[in-house]
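Participant: I need the structure of the sequence given here:
(one chain, ligands or ions: 2)
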Amino acid sequence: MAKGKTCYACSACGYESPRWVGRCPSCGAWNTLEEAISAVPEKGPAKLAANQRPGTGASAMRLQDVPEDTTLRFPTGIQELDRVLGGGVVEGGLILIGGDPGIGKSTLLLQVCANLARQGRKVLYISGEESARQIKLRARRLEIEEPGLYVLAENALDAVEQKLRELQPDVAVVDSIQTMYRPEMASAPGSVSQIREGTSLLMRLCKETGISVFLVGHVTKDGAIAGPRLLEHMVDVVLYFEGDRQQDYRLLRAVKNRFGSVNELGVFRMTGKGMQEVPNPSEELLSHRARGASGSAVFCGLEGSRPLLCDVQALTSPTFFGTPRRTVNGADAGRVALLLAVLEKRAGQRSYNQDVYINVAGGLELSEPAADLALCVAVASSLKDQPVAPEVAVMGEVGLAGEIRAVPQCERRVAECARLGFTTVVAPRASVRPLKAPEGVRLIGVDTVMQALSVLF
Ligand code: TYD
Ligand code: MG
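Facilitator: Numbers count the residues shown, from 1 in each chain. Ligands and ions are numbered 1, 2, ... in the order given. This next block holds a predicted model:
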């Protein structure tokens, strides 16, 4: 029996309508109306006049008088996660971890729970997807046997709330938001209204009780956490867990953090015994490099404040019929097309009759324009069938005239190259001019792609 009034809400703009229509009258989007409940009635006195409503009872105070608290944050002990969180878990924070199913969210969070329990905190792991025994099995595989770790298999929101209030843990995990539901709402678990209801309930609970909650959210096929962007503005921190399921690297990225900076990156590896931290990702990413092969260039990217060296690979082979193929893995295909045109027009590197395959090793995704030069060099190296010397790293943004533009934070990148034993760094002249080269590293400033190619080959 439905307690609240059923209505239909647009998942794109939030417009509410008493009956379902195919097209949202407010924003014009098609097929976005979903069943929702306009209001779940309170248990207390039915309706109060506006001036009688209690609210939270808080009164406004001067910002100066708000007490400062510095002990509110506690580290999880998993450094790659702490970095992304900005130093650790904040008391009463709601942290959303999104990612494809099977990427390792439950595994990582169970490890986090064990770590926190080991520090003497009370931790509750609530799963709507697995039974307590299945969690136990996973825990055994991860060699977790902490006495302070409680598990609960439950997916009714009210029961979850009650158990959280009873047990009063320091930290809780809710795995996953898509499985949590209110039975009195007519829509199915995982629908926009259920997700919205569940998240707002957890948010209230976090702030009220000071329990920090990790919330798992599966990502739908189009890349958004179900309920388009709905959750992101409701929670304090949004982390995305990404990586190829075929490869064992997992990248944890912060896209929103009310308590720290965003765009930080944590690197893990999925092993037989759960997630393992990768404190030195550059070394790992380069460890399988084919030295002395043509079509490869090393680039130093930046993920947040973290420099990351990666191997950019290109392979060109003659097209036998039809249009040449361009297959790009780990970079933007449009950008690669642009760079091929620049190479052709400005540096005489012809690829119109060549199939071009681009791959960024390790499953990384290059989104910075600073990677342009490395892509150009890799393609040119394959076209010429001449390898780039193995101790050379390249970086720079390439413009349509073939000019090389400055890259941000060049010093940091150069330092990382030096740390990993690269002795020559080819970078934009504007970026290297103010820099002092680290010991044993030769910095070569270049102005055009043509110049870079003549330095390298
Ligand atoms: P899981 O954490 O269940 O993913 P999610 O919660 O994001 O859906 O991870 C499932 C995958 O991880 C599964 O394919 C098995 C693999 N796995 C390992 O490789 N090692 C392990 O120690 C564990 C527990 C899982
Ligand atoms: Mg899971």
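Participant: Can you identify each of the helices in this protein by residue range?
Facilitator: Per DSSP state H, the chain carries helices over the ranges 79-85, 105-118, 132-141, 157-167, 192-209, 281-286, 333-347, 372-384, 410-419, 429-432, 449-456.
Participant: Could you give me the buried positions within the longest one?
Facilitator: By neighbour count with 16 or more other CB atoms under 10 Å, helix 192-209 contains the buried residues 192-199, 201-203, 205-206, 209. Any C-beta I mention is one placed from the backbone N, CA and C, and that applies to glycine too.
Participant: Can you name the residue of the stretch 301-450 of the chain nearest ligand 1?
Facilitator: Distances between the stretch 301-450 of the chain and ligand 1 by CB to the nearest ligand atom are smallest at Gly363, namely 15.5 Å.
Participant: actually the stretch 151-300 of the chain, not the one I wrote
Facilitator: The minimum distance from the stretch 151-300 of the chain to ligand 1, using CB to the nearest ligand atom, falls at Gly274 (4.2 Å).
Participant: ok, how many other residues are close to that residue?
Facilitator: Counted with other CB atoms under 10 Å, residues neighbouring Gly274 total 20.
Participant: and it, what does it touch?
Facilitator: Thr107, Leu108, Leu110, Gln111, Arg141, Leu142 (CB atoms under 8 Å, 6 or more residues apart in numbering).
Participant: Once you drop chain neighbours, what's closest to it?
Facilitator: In space, and not counting its chain neighbours, Gly274 is closest to Leu142: 4.4 Å by CB to CB, 6 or more residues apart in numbering.
Participant: List, one by one, the residues from the stretch 1-150 of the chain near ligand 1.
Facilitator: Residues of the stretch 1-150 of the chain that fall close to ligand 1, judged by CB under 6 Å from any ligand atom: Gly99, Pro101, Gly102, Ile103, Gly104, Lys105, Ser106, Thr107, Arg138, Arg141, Leu142.
Participant: Highest neighbour count among those?
Facilitator: Most neighbours among those, by other CB under 10 Å: Lys105, with 26 neighbours.
Participant: Isn't it up against Asp175?
Facilitator: Yes. Lys105 is in contact with Asp175 according to CB atoms under 8 Å; the separation is 7.3 Å.
Participant: per-residue confidence at the residue of the stretch 151-300 of the chain closest to ligand 1?
Facilitator: Here the pLDDT value assigned to Gly274 is 89.
Participant: From Asp244, how far out is it?
Facilitator: 18 Å (CB to CB, to the nearest Å).
Participant: Excluding chain neighbours, what is closest to Gly301?
Facilitator: Residue nearest to Gly301 in three dimensions, not counting chain neighbours: Leu308, with 5.0 Å by CB to CB, 6+ apart.
Participant: With pLDDT and distance to Val356 as added columns, please give the contacts of Gly274 in JSON lines.
Facilitator: Listed next are the contacts of Gly274 as JSON lines, based on pLDDT from 0 to 100; distance: CB to CB, whole Å:
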{"residue": "Thr107", "pLDDT": "94", "distance to Val356": "37"}
{"residue": "Leu108", "pLDDT": "94", "distance to Val356": "37"}
{"residue": "Leu110", "pLDDT": "94", "distance to Val356": "43"}
{"residue": "Gln111", "pLDDT": "95", "distance to Val356": "41"}
{"residue": "Arg141", "pLDDT": "91", "distance to Val356": "43"}
{"residue": "Leu142", "pLDDT": "92", "distance to Val356": "43"}
